[in-house]
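Chemist: here's my sequence, what's the structure:
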Amino acid sequence: MKRIYLYTIAFVMMLLSFACADKWDQHYAPGDKEVGSGTVEVVDMSAEAYIQSESDLSSIAALFTEQDVFTKMGEKDQLFTVLVYSNAVMGAAQIDEPNFFANTCVSDLAFTPTKLVDGLSIQMWNGKYLEVSVEAGASTTDYSIAGSPIVKIIQVDNGFVYLMGEPIYAPKSLYEFLNGLSNDQYGLFKELVFKYEERAFDRENSVPVGVDNTGNTVYDSIFVTKNLLMDRYNSGGSESWNMRSEFFASTLLIPNNDLVEGALTKAYQDVRDALNREPNANDTLKFEQYVIKSAFYDRVLTAEELDGTDDLFSVSGYIEGESASTPGVQWKPTVQRVNTAAPVTLSNGLAYYTTALKIPNNVVIHRIKSRFYLWEYCNEAEKDEYFVWDGMDDVSIHDAGGFGPLGPWPWIPYKLVRAWPSEAAQADNAPVSVEYTGIALKEDGTVAVVMVPPGEYNLRMGFESNKYPYRLEIYFNDELVAENVNPNIHYDRTGLGFPEGYVPADWAAVSNRASYYDNDGAQIGVVTITGTELQPIKIKILSRDIAELRKTDSKARYELYCWTLRPTENNY
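Modeler: The predicted model follows:
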């Protein structure tokens, strides 16, 4: 039998209520300050019994029965806050996931309705936080939860039932949304992300409960999930971002299976074409990590940013256990595309579906580096084709030793191609040059022409430092890049650019010259390869004064060591 009381309630600030029913009756005494016109109905029954007894709540009661809400409430000896809807509201509701919707309706805490405060949040069974809103008008005050108006409040034996005016669709968090993506369409991306997850013992939050026979502490263990690739920390070791917490603002860009497969396939082919080798495990790791990293951002990106022209950079920061901060990867909206017309609202940000995905050239190609001494691997026809000398002769190889090895990093030979101005060039004081076609050494010991993707590159070169008196002009694909170039660049040892994966500090104790290991060479200039297809490159090295200097200076000779093309940030 119902026992009904009507009292005016004051909506001022929300606090947790753990009092029993008789104290609630005392709380709603006539002496309470009257604010607004809301009413509370007090009934002598549980929330479960009340909801099932009301004919206008039959739809929500049926949902709670189907999703075991009543069963779970009955198993817990505690107080609740339950949000319910009339049959009319339920009839118009669009419920795609009944279990998620049902678990958005119950909180394990009984919130006293006389203590509502604007901005306070209620955590529901599914982990979602619903925000309370209080808007005071001239004569009335409106109260809502997650934008849904509170129509009526019922005090029950085990908490409160709130009758709401509109259905509450609590948005999922980024992590929940990612987990819920269809494997048929997005399984490849999910697999890449989740293979970096691991469960770790949280010693700090685990409670010691005893000692075992060997003297080791036994814990009531708590385990946490970590993503070893994407979790970020500040320099002090405190967590600065992860994809699982709703307290970090985030944006997720979601590529489907076809986009992931297509991006990887093209990147592998670019390795074959540009680097003259088969892709290896390191390539796969790098490409897959780009796909993952480029999808996560530690702020909410707008449609204007994603449709704009300015580059975006994904989440950055320290990865656990690493001594240096990891930069975010580059996302160029003029190349990579997302559907900005249909963003998905998340509890902690937004998600967009990717429509075009490319692994950038500057990720696929760390650098293209070769050495001129590959001349000795060429047959006579190849020498004539790939090294076109004008006014130079007596071509030979000059072996000046080398550098290394450093641990697993191999010996680097300092071999150079040497050539002298011809007698005819000296007689005429003529300009001399060599026009070189870029070649690389194949695994079988033969050479192949390097095919380079279009884009912008830093051109870097190395020669030999020996007080050479002449100066050079450097041309790239028939365009002048630099003039008055000093050839006294000592091999590649400029400290500029390293092999992929090489960290000089790791080898400083082995060699005080670790920062000079296999550098790019000296900066000559920035060059651009136009078109849409991979293509060969030509480098012309010309001197206008070496022929005349040769008459009196034995150092008037070419000593050619290396050339490097390193993609710029613009080479995408």
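
Chemist: going forward, measure contacts between C-alpha atoms and count neighbours the same way
Modeler: OK.

Chemist: which positions within the one helix or strand residue 524 maps to qualify as buried?
Modeler: Here residue 524, judged by DSSP states H and E, is contained in strand 522-529. Counting neighbours by 16 or more other CA atoms under 10 Å, one finds that the buried residues in strand 522-529 are 522, 524, 526, 527, 528, 529.

Chemist: strands paired with it, and their directions?
Modeler: Next to strand 522-529 in the sheet, as set by DSSP bridges, lie strand 455-462 (antiparallel).

Chemist: what angle sits between the helix or strand that the strand it pairs with is followed by and strand 455-462?
Modeler: Sequence order places strand 472-476 as the next helix or strand after strand 455-462, per DSSP H and E. Strand 472-476 and strand 455-462 are oriented at 150 degrees to each other (axes from the mean of the first three to the mean of the last three CA atoms, to 10 degrees).

Chemist: could you list the paired strands of strand 472-476 along with their orientation?
Modeler: strand 479-485 (antiparallel), strand 538-543 (antiparallel).

Chemist: what's in contact with that strand?
Modeler: Defining contact as CA atoms under 8 Å, 6 or more residues apart in numbering, one finds that strand 472-476 is touched by 480-487, 524, 527, 537-544.

Chemist: buried subset of those residues, written for ChimeraX?
Modeler: With 16+ other CA under 10 Å as the criterion, this ChimeraX line picks the buried residues out of those:
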select :481,485,487,524,527,537,538,539,540,541,542,543,544
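
Chemist: give me the mean pLDDT for the strand holding residue 524.
Modeler: The predicted model gives strand 522-529 an average pLDDT of 98.

Chemist: and that strand, how far from the chain's centre?
Modeler: 29 Å (CA atoms, centre = their mean, to the nearest Å).

Chemist: need the outlier residue of this protein, farthest from its centre.
Modeler: residue 427 (62.0 Å; CA atoms, centre = their mean).

Chemist: measure it to residue 551 for me?
Modeler: Counting by CA to CA, to the nearest Å, the gap from residue 427 to residue 551 is 9 Å.

Chemist: please apply the same query to residue 310.
Modeler: Taking CA to CA, one finds residue 310 at 55 Å from residue 551.

Chemist: in the helix of greatest length in the chain, what counts as buried?
Modeler: When the chain is parsed with DSSP state H, its longest helix is helix 257-275. Using 16+ other CA under 10 Å as the test for burial, helix 257-275 gives 257, 259, 260, 263, 264, 267, 268, 270, 271, 273, 274, 275.

Chemist: so residue 152 sits in a strand?
Modeler: Yes - Residue 152 sits within a strand when classified using DSSP: H, G, I helix; E, B strand; the rest coil.

Chemist: my guess is it contacts residue 40. True?
Modeler: Yes - if you go by CA atoms under 8 Å, residue 152 and residue 40 touch, sitting 6.9 Å apart.

Chemist: settle it for me: which of these two has more neighbours?
Modeler: residue 40 (21 against 15; other CA atoms under 10 Å).

Chemist: in contact with the spatially closest residue to the more buried one that is not a sequence neighbour, which residues are there?
Modeler: Distances taken as CA to CA, 6 or more residues apart in numbering place residue 153 nearest to residue 40, at 5.0 Å, with adjacent residues excluded. Residues in contact with residue 153, defined by CA under 8 Å, 6+ apart, are 39, 40, 41, 113, 160, 161, 162, 163.

Chemist: out of the residues you listed, who's the most crowded?
Modeler: Busiest of the contacts of residue 153 [other CA under 10 Å] is residue 161, holding 28 neighbours.

Chemist: the helix or strand hosting it pairs with which strands, parallel or anti?
Modeler: Here residue 161, judged by DSSP H and E, is contained in strand 159-164. As defined by DSSP bridges, the strand partners of strand 159-164 come to strand 80-85 (parallel), strand 148-156 (antiparallel).

Chemist: that older thread, now tabulate the contacts of residue 153 in TSV and tack on pLDDT and distance to residue 357.
Modeler: Below are the contacts of residue 153 laid out as TSV (pLDDT from 0 to 100; distance: CA to CA, whole Å):
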residue	pLDDT	distance to residue 357
39	67	56
40	85	56
41	93	57
113	79	50
160	96	50
161	98	49
162	97	47
163	97	47
